[in-house]
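[1] Please find the sequence and the predicted model below.
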Amino acid sequence: FDHFYDVEKMPAEGSSIDDVRVIQKRFFRLARKAMKRGFKRSHVDLSQLRIGMPRVMNLYSCGPFFRTYFEALGLPEKNLIWSSQTSEEMWVEGGRYGSIDPCYPSKVIQAHIHELIFHKHEPDKQRGLDYLYYPVITHVPSWVKNTMDDTSCPIVAGSPKVVKSAFTKEVDFFAREGIEWVDDAVTFTERNLLKRRMFETWGPRLGVTEDESDFAVDQGFKALEEFDRHMQSRGKAILDEVEREGRVAILLLGRPYHSDPGLNHGIPEEFQVLGYPILSIRSIPKDPAYLRRWFTDGADPNDINDVWPENYSANSVQKVWAARFAARHPHIALLDLSSFKCGHDAPTYGLIDSIVKTAKKPYSALHDIDANKPGGSIAIRVKTYAHKLKLVEEALQEEAQARAELARRLADKRRELELKYASKNSNTPAQAAK
């Protein structure tokens, strides 16, 4: 959610860019012709504009895109305001509106909106919010191939509409505070459609041209790609380290928003304190050469149709993909987090359990995470699983020592045979002379 990508300079007015002209022909036919034209600039000043966004749901996947989109248009870094991470205090104060949803991550959104309206919106200090933006994200980016679709969970996708209703049911808090609520739908699987949607949403509001909006979308995708490269580089470094040292890393099987400490109840941090590094699904290296090292059976590393053909929900597909990868990596243990009443996670339970049992992989599952934090129960499960992981690490280290000892003996035997062979060859001419 923080700034990390420096956007490229906006093209100058009249700069040559590629475009396509659509020509209407007879009998409703269309023709498309490539062309060159000048870049259109607005030179609008956004330095005084402030936009608020909640730190929730699939914005954990797409946050870098939206931050970079607005920064590329000229919005100052400090003027994109995110809500805080979920906390019990936030939920108690802001979770009292008429929004009814089946899972805690969707219910807690109203607390994030409450914080943005009543804590981040400060018009008396010249820090008021002009817009509160929470888009309906229907499809999210995914690297898994040959899926039926890459859709968002319908609860996640529809949550902006539900939250809007909650804050306008009896009193329109947005109108009262002078904030415009924006929740237009976007998709990340069709770039041209996304460009059109972003311009239709923000072109009239910000006064930017379509060329500027399209440029900002491209910058947003570059930011997403750079963020993924950074995460995968860190993930590979951790995997290389634990493999080298005979240790175990824990792969968190969860949805993107389970990175929020208020939703995962600090469970990953408990394991990190005990010395087990935590990997997210996003941080697993996606480089084909790296993945082929573990998929030695000829299976396609980025295709899960061999275990789940009915794969249309992007986040659920990614969980199964990650379990499939972890099953082949001896230095990865699994921690499966799922929120209470998560309908799209439910079909993955049996699949992941089957993969784990077949691979005999260390695995711990917490499938009923809700607003309540059972501290004692969590502590017991963490310690129990940590004990299991300690035994796994000991077995890995013993196996590594056995391999090293075998390699040493093979090297010694090879040298012994080489010396005998050399000695035999050196004696052969002398015997022939006699």
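    Looks like it came in fine.

[2] how about the strands in this protein?
    Applying DSSP state E to the chain gives strands spanning 16-24, 30-38, 51-53, 80-82, 131-133, 136-139, 180-182, 185-187, 249-253, 278-280, 332-339, 363-369.

[3] Make CSV from those strands and add mean neighbour count, mean pLDDT and distance to residue 402 to it.
    For the C-beta atoms, the positions are set from N, CA and C on the backbone; glycine is no exception. Output for the strands of the chain, formatted as CSV (neighbours: other CB atoms under 10 Å; pLDDT from 0 to 100; distance: least, CB to CB, whole Å):
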stretch, mean neighbour count, mean pLDDT, distance to residue 402
strand 16-24, 10, 83, 60
strand 30-38, 10, 85, 63
strand 51-53, 24, 96, 53
strand 80-82, 19, 95, 50
strand 131-133, 22, 96, 57
strand 136-139, 20, 94, 48
strand 180-182, 17, 96, 61
strand 185-187, 18, 94, 52
strand 249-253, 24, 94, 22
strand 278-280, 20, 95, 27
strand 332-339, 23, 91, 21
strand 363-369, 18, 86, 25
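
[4] got a markdown table for those strands, with distance to residue 393 too?
    Shown next, in a markdown table, are those (distance: least, CB to CB, whole Å):
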| stretch | distance to residue 393 |
| --- | --- |
| strand 16-24 | 55 |
| strand 30-38 | 59 |
| strand 51-53 | 41 |
| strand 80-82 | 38 |
| strand 131-133 | 46 |
| strand 136-139 | 39 |
| strand 180-182 | 50 |
| strand 185-187 | 43 |
| strand 249-253 | 11 |
| strand 278-280 | 16 |
| strand 332-339 | 10 |
| strand 363-369 | 15 |
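
[5] Residue 207: which of those strands is closest?
    Proximity to residue 207 (CB to CB) singles out strand 131-133 among the strands of the chain, at 13.2 Å.

[6] Quick check: neighbours of that closest one in the sheet, parallel or antiparallel?
    Sheet pairing of strand 131-133 (DSSP bridges) gives strand 51-53 (parallel), strand 180-182 (parallel).

[7] export those to CSV and tack on distance to residue 201?
    Shown next, in CSV, are those (distance: least, CB to CB, whole Å):
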stretch, distance to residue 201
strand 51-53, 12
strand 180-182, 6
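
[8] Which among the strands of the chain is found nearest to residue 264?
    strand 332-339 (5.8 Å).

[9] circling back to that earlier point, do you know which of the strands paired with strand 131-133 lies nearest residue 246?
    Comparing these against residue 246 with CB to CB, the closest turns out to be strand 51-53 (43.0 Å).

[10] so where is the stretch 301-434 of the chain shaky, pLDDT-wise?
    Low-confidence segments of the stretch 301-434 of the chain, defined by pLDDT under 70: 427-434.

[11] What segments of it are helices?
    Under the criterion DSSP state H, counting those that start in this stretch, the stretch 301-434 of the chain contains helices at 314-326, 346-359, 375-433.

[12] winner for burial among those?
    Stretch with highest mean neighbour count among the helices of the stretch 301-434 of the chain: helix 314-326 (a mean of 25; mean count of other CB atoms under 10 Å).

[13] Who are the packing partners of that helix?
    Judged by 3 or more CB pairs under 8 Å, 6 or more residues apart in numbering; DSSP states H and E, the packing partners of helix 314-326 are strand 249-253, strand 332-339, helix 346-359.

[14] quick one, phi/psi of residue 75?
    phi -70, psi 130 (degrees, to the nearest 10).

[15] among the strands paired with strand 131-133, which is nearest residue 290?
    strand 51-53 (33.7 Å).

[16] Go ahead and name everything in contact with the closest one.
    With contact meaning CB atoms under 8 Å, 6 or more residues apart in numbering, strand 51-53 is reached by 59, 66, 70, 75, 79-83, 116, 120-121, 129-134, 179.

[17] Against residue 52, how distant is the residue nearest to residue 168 when sequence neighbours are not counted?
    Sequence neighbours aside, residue 174 is the residue nearest to residue 168 in space, at 6.8 Å (criterion: CB to CB, 6 or more residues apart in numbering). Going from residue 174 to residue 52 by CB to CB, to the nearest Å gives 11 Å.

[18] overlap in contacts of these two?
    Common neighbours of residue 174 and residue 52 (CB under 8 Å, 6+ apart) are residue 132.

[19] Tell me who's in contact with residue 230.
    By CB under 8 Å, 6+ apart, the residues touching residue 230 are residue 4.

[20] confidence score at it?
    Here the pLDDT value assigned to residue 230 is 94.

[21] do the one 10 residues further on as well
    As summarised for this prediction, residue 240 has a pLDDT of 94.

[22] Quick one, which of the strands paired with strand 131-133 gets closest to residue 238.
    strand 51-53 (29.6 Å).

[23] Next, the contact list for residue 323, please.
    Contact analysis of residue 323 by CB under 8 Å, 6+ apart lists 253, 334, 351, 352, 355, 356.
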